[in-house]
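> give me coordinates for this.
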Amino acid sequence: MHLHDHKDKIEESLALFFEEQLASAKTIHPNYELLWLQIQRLVNSGGKRLRPKMTLLAYRAYGGSDIAAVMPLALSQELIHQSMLIHDDIIDNDTLRYGVPNIDGAYRQTYSQFVANEKSRQHFALSAALLGGDLLISAAYKTMLAAHVSKDTLSACQQLLSTSIFEVTAGELLDNEISFKPTGEIQTATVARYKTASYSFIGPLLTGAVLAGAPTSEQDLLRVYAENLGIAFQFTDDIIGTFGDKAVTGKSTTSDIREGKMTILVEYFNQNSNAKDLATFNSIFGNSSCSEKEADIIRDLLVASGAYKKAKDKVLEYSNNASQALAQLHINKSAQAAFTELINKSTVREF
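Down below sits the predicted model:
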């Protein structure tokens, strides 16, 4: 049993989903079909389908075997993820995703021939992106209805999805506010728990367990595993965002510094730095035009203050918590190995 089993089936289901949506949209108006084409283009441009893979992994770990019957419920996890990415890009005013124009970015280009005013064009493009994200939330619920499961099981899975959306929205709000609210009012661990762990780990894994009929005691342990793993995942992302190898990750290691993003690294630095270092840090951090040399000064300060080590230690702490919960799960050795692999890859980013 491996995390990436059934990858092809997930992609096939996703392709069929878009085929159906495009056919329906086309009957309404070509412009509506275009929006769905842009969503399809974006989804197909990247993504590891981690969330549906986790749903199927948990399902099989507890004895589930009818992949076709539950695939719509696994697919719903990917649709929610993509909707959250679209909305997150709107919040962050990003126009790229997976290295290509996102919905907003694509529509800014499309509308350029019709709308001369840049501010108006941006407004219309963001509106299209907002609608695209909303569509995928609705589609996630609709897709679930195609699963061949009992009414009670479907209801339980829908409730899990609703909880995921409720919690990730809280995480998005807190992540947005943490940059300007008084220091210490919002903890980065709280943001990670609700913005990342909620719908990226807890929801997908518990959905799989519920589909297989896992007992409540197992679901409780799986929740502990997923929550700790999700926080470890986010903290690892924070560290890579500043100290990662761009050639490996394909992502900028200065954008978080230029943006002034409040991460676990910055949180620990603020707690442990002296007045002189804090002044130096604040003179650079959040400067959208800071140089690579200045970014290196920030990195040096994060290391010298102990913030980097403390962040790494925190990742290990949450990873160990996940491992301890995993050790208590009543699943076979093959499933244990797959869940262990998930921990390892979540904290080194080798999906």
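
> CA only for contacts and neighbour counts going forward, please
Will do.

> what pLDDT is listed against the residue lying farthest from the centre of the chain?
The outermost residue of the chain, judged by C-alpha distance from the chain's mean C-alpha position using Cα atoms, centre = their mean, is K276 at 36.1 Å. According to the model's per-residue confidence, K276 sits at a pLDDT of 96.

> and it, what element?
Assigned by DSSP states H and E, K276 falls within helix 275-284.

> check which element follows that helix along the chain.
Trace forward from helix 275-284 with DSSP H and E and the next one is helix 292-304.

> give the buried residues for that following helix.
If you call a residue buried by 16 or more other Cα atoms under 10 Å, then helix 292-304 has these buried ones: 294-295, 297-299, 301-302.

> ok so, going back, now the helix holding K276: buried residues?
277, 281, 284.

> equivalent analysis for stretch 208-223, please.
208-214, 218-219, 221-223.

> then stretch 258-276?
Taking 16+ other Cα under 10 Å as the neighbour-count basis, stretch 258-276 is seen to contain the buried residues 258-270, 273.

> how about the strands in the stretch 51-200 of the chain?
With DSSP state E, counting those that start in this stretch as the criterion, the stretch 51-200 of the chain has strands at 96-97, 100-101.

> run the chain-centre distance for the last one.
Taking the mean C-alpha point of strand 100-101 and that of its whole chain, the gap between them comes to 18 Å (Cα atoms, centre = their mean, to the nearest Å).

> ok, that strand: who's next to it in the sheet?
Strand 100-101 sits in its sheet next to strand 96-97 (antiparallel), going by DSSP bridges.

> would you mind listing the outside residues contacting the partner strand?
Applying Cα atoms under 8 Å, 6 or more residues apart in numbering, the contact partners of strand 96-97 are 42, 89, 102, 105.

> most neighbours among these, please name it.
Neighbour counts for these were taken using other Cα atoms under 10 Å; the highest belongs to N102, which has 25 neighbours.

> residues in contact with that residue?
With contact set as Cα under 8 Å, 6+ apart, N102 has these partners: 42, 86, 95-96.

> so what does it have for phi and psi?
N102 has phi and psi values of phi -80, psi -170 when expressed as degrees, to the nearest 10.

> cool, the one 10 residues further on as well?
S112 adopts backbone torsions of phi -60, psi -30, taken as degrees, to the nearest 10.

> is it true that it touches R121?
Yes. Here S112 reaches R121: they are 6.9 Å apart, a contact under Cα atoms under 8 Å.

> which of these two has more neighbours?
With other Cα under 10 Å as the criterion, S112 and R121 differ in neighbour count, and R121 comes out ahead with 20 against 14.

> what's the closest non-adjacent residue to that one?
V115 (5.6 Å; Cα to Cα, 6 or more residues apart in numbering).

> just how off-centre is stretch 170-187 within its chain?
When C-alpha coordinates are averaged (Cα atoms, centre = their mean), stretch 170-187 and its chain have centres 18 Å apart.

> endpoints of it, how far apart?
Looking at stretch 170-187, the gap from its leading to its trailing residue is 13 Å under the measure Cα to Cα, to the nearest Å.

> mind listing what's buried in that stretch?
So, applying 16+ other Cα under 10 Å, buried residues of stretch 170-187: 170-172, 174-176, 178-179, 187.

> quick one: mean pLDDT for that stretch?
Stretch 170-187 shows a mean pLDDT of 94 in the predicted model.
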